[in-house]
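*Asks:* Quick one, fold the following:
(one chain, ligands or ions: 1)
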Amino acid sequence: MNFFAPRMSRFKPSPSQIASTRVRELQAAGRDIIKLTAGEPDFPTPDHAKAAVIALMDRNEIHYTPINGLLAMREAARLKFRRDNGLEYGLDQIAVGSGTKQILFNALMATVSAGDEVIIPAPYWASYPDMVLLAGGTPVIVSSGQNSQFKMRPEQLAEAITAKTKWLIFSSPSNPTGATYSADELRGLAAVLMEHPHVHVLSDDVYERLVFDGRTFATLAQVEPGLYDRTVTCNGVSKAYSMTGWRLGFAGGPKEIIANMSKMQSQSTAGASAVAQAAAIAALEGPQDYVTNRTANLKYRRDILFEKLNAATGLSCDLPEGAMYIFCSCAGAMGKKTPDGKVLETDTDFTMYLLDTVGVAVVQGEAYGMSPYFRASFVAPEEDLVRGGDLIQQACAALR
Ligand code: PLP
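*Replies:* The predicted structure is shown next:
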């Protein structure tokens, strides 16, 4: 008899664990590994957020918080949605949780059951399909390749919608591709959604602040007000303010959905940490100008890695428009032989080859629903991007 619940076999743990385990083994054996796998910016928490937490501790205000977040936190989220996205939410339309991931999880767990379909554009953040499976639903994957900048076209969306579609999970800029939809591109998708009033939208906007080359961020409920009543707009402080460890996310959406998300949270983690909320309020309400400099710094690092990868034999990538990753094709390396005589058949073979031979860690595209690709994060010290890029070129040149 299996001790564990059937739900445990419905989903996988994070697939980047394959690489992480191997990285740890190699490091334990004394190898120097360059990690191009970071899923978080490397800037410090802003000083004004740290100061707000110290002040909170001095006031001894660290107690249980309301399930739907402190009033001041909901006000800060409301201000953010108004200021940055032109979206107006009442205080009873805001959910607060321990990270955007929990917010997404709550929304799916509160609404998805057997038979429900959830549309997920691929390449996708690896957690989306597994969260849908855990909730008992069916992920419907819509793949868009490099030739369409990894962006779902309106006709693809239209084709994927059925009477059973409950949600579209949508994220721009995307992890792993950095694909960033313009307001016009969003309007194209919104027009399809307007024809199908039963389809709700879970808009994951965590990478909102990481857009490059003068692009502006837009979100679905903003470009099509007709979607406001069926869109949950999710965000957090992790990527925008480099505050991943604080674990704070929030959402704005229809009152009834938000109330059910909070109900779900009430029997798991309850209210988000008081400390994290104090830091998030300060980050959201405080100065915003330093974020622009951080984004410029990430763009500088993006360009270094991009040039290195594109110069490698058999690799091809396009300049990502946002987020922190380059999603690079390794199709030209497939079927080639390593110096040890192994034929590379999958992107996992390729990423393991990079790790074992030149000590550079990246994540296989399979984890994000598209092969043969790999995701390389440009959140790494400049010297690691240069040296890592050179080593990847060297490994590619050694293939026959
Ligand atoms: N959504 C996407 C697309 C992500 O890539 C991540 C983290 O990598 C998250 C959500 C989780 O964000 P948070 O740290 O706010 O839970």
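*Asks:* Quick check, the residue in the stretch 51-200 of the chain closest to the ligand?
*Replies:* residue 99 (2.8 Å; C-beta to the nearest ligand atom). C-beta coordinates here come from the backbone N, C-alpha and C atoms, glycine included.
*Asks:* got a list of what that residue touches?
*Replies:* Going by C-beta atoms under 8 Å, 6 or more residues apart in numbering, residue 99 touches 236, 238, 247, 248, 249.
*Asks:* Quickly run through the sheet partners of the host helix or strand of residue 140, with directions.
*Replies:* Taking DSSP states H and E as the definition, residue 140 sits inside strand 138-143. Strand 138-143 pairs in its sheet with strand 117-122 (parallel), by DSSP bridges.
*Asks:* ok, is the strand it pairs with in contact with the ligand or not?
*Replies:* No - if you take C-beta under 6 Å from any ligand atom as the test, strand 117-122 misses the ligand, and the best it gets is 11.3 Å.
*Asks:* Not counting its own residues, what contacts that strand?
*Replies:* Residues outside strand 117-122 that contact it (C-beta under 8 Å, 6+ apart) are 108, 112, 128-129, 132, 137-144, 151-152, 157, 160-162, 164-170, 174, 199, 368-370.
*Asks:* If any of these are buried, give me the ChimeraX selection for them.
*Replies:* Applying 16 or more other C-beta atoms under 10 Å to the contacts of strand 117-122, the buried members can be selected in ChimeraX as follows:
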select :108,112,128,129,132,137,138,139,140,141,142,144,151,152,157,160,161,165,166,167,168,169,170,174,199,368,369,370
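*Asks:* Okay, and which of the contacts of strand 117-122 map to strands?
*Replies:* Cross-referencing these against strands under DSSP state E gives 138, 139, 140, 141, 142, 143, 165, 166, 167, 168, 169, 170.
*Asks:* Distance to the ligand and pLDDT for those - can I get that in a markdown table?
*Replies:* Converted to a markdown table, those look like this (distance: C-beta to the nearest ligand atom, whole Å; pLDDT from 0 to 100):
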| residue | distance to the ligand | pLDDT |
| --- | --- | --- |
| 138 | 20 | 98 |
| 139 | 15 | 98 |
| 140 | 18 | 98 |
| 141 | 16 | 98 |
| 142 | 16 | 98 |
| 143 | 17 | 98 |
| 165 | 21 | 98 |
| 166 | 19 | 98 |
| 167 | 15 | 98 |
| 168 | 14 | 98 |
| 169 | 9 | 98 |
| 170 | 10 | 98 |
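*Asks:* And those, which two are furthest apart?
*Replies:* Pairwise distances across the ones in strands among the contacts of strand 117-122 peak at 20.1 Å for 143 and 166 (criterion: C-beta to C-beta).
*Asks:* Can you point out the buried residues in the lengthiest helix in the chain?
*Replies:* If you go by DSSP state H, the chain has its longest helix at helix 289-310. For helix 289-310, burial by neighbour count (16+ other C-beta under 10 Å) applies to 291, 294, 295, 298, 299, 301, 302, 304, 305, 306, 308, 309.
*Asks:* and that helix, what does it pack onto?
*Replies:* strand 325-329, helix 382-397 (3 or more C-beta pairs under 8 Å, 6 or more residues apart in numbering; DSSP states H and E).
*Asks:* can we see that at 10 Å?
*Replies:* The elements that helix 289-310 packs onto, with contact taken as 3 or more C-beta pairs under 10 Å, 6 or more residues apart in numbering; DSSP states H and E, are strand 325-329, strand 373-377, helix 382-397.
*Asks:* Report the contact partners of whatever residue of the stretch 251-400 of the chain ends up closest to the ligand.
*Replies:* Residue nearest to the ligand within the stretch 251-400 of the chain: residue 323 (7.7 Å; C-beta to the nearest ligand atom). For residue 323, the contact set (C-beta atoms under 10 Å, 6 or more residues apart in numbering) comprises 39, 171-180, 206-207, 210-212, 239, 298, 302, 377-378.
*Asks:* cool, and residue 390?
*Replies:* Each residue near residue 390 by C-beta under 10 Å, 6+ apart is listed here: 34, 308, 311, 312, 358, 360.
*Asks:* would you list every one of the strands in this structure?
*Replies:* So, for the chain - with DSSP E - the strands run 34-35, 94-97, 117-122, 138-143, 165-171, 200-204, 231-236, 249-252, 325-329, 360-361, 363-364, 373-377.
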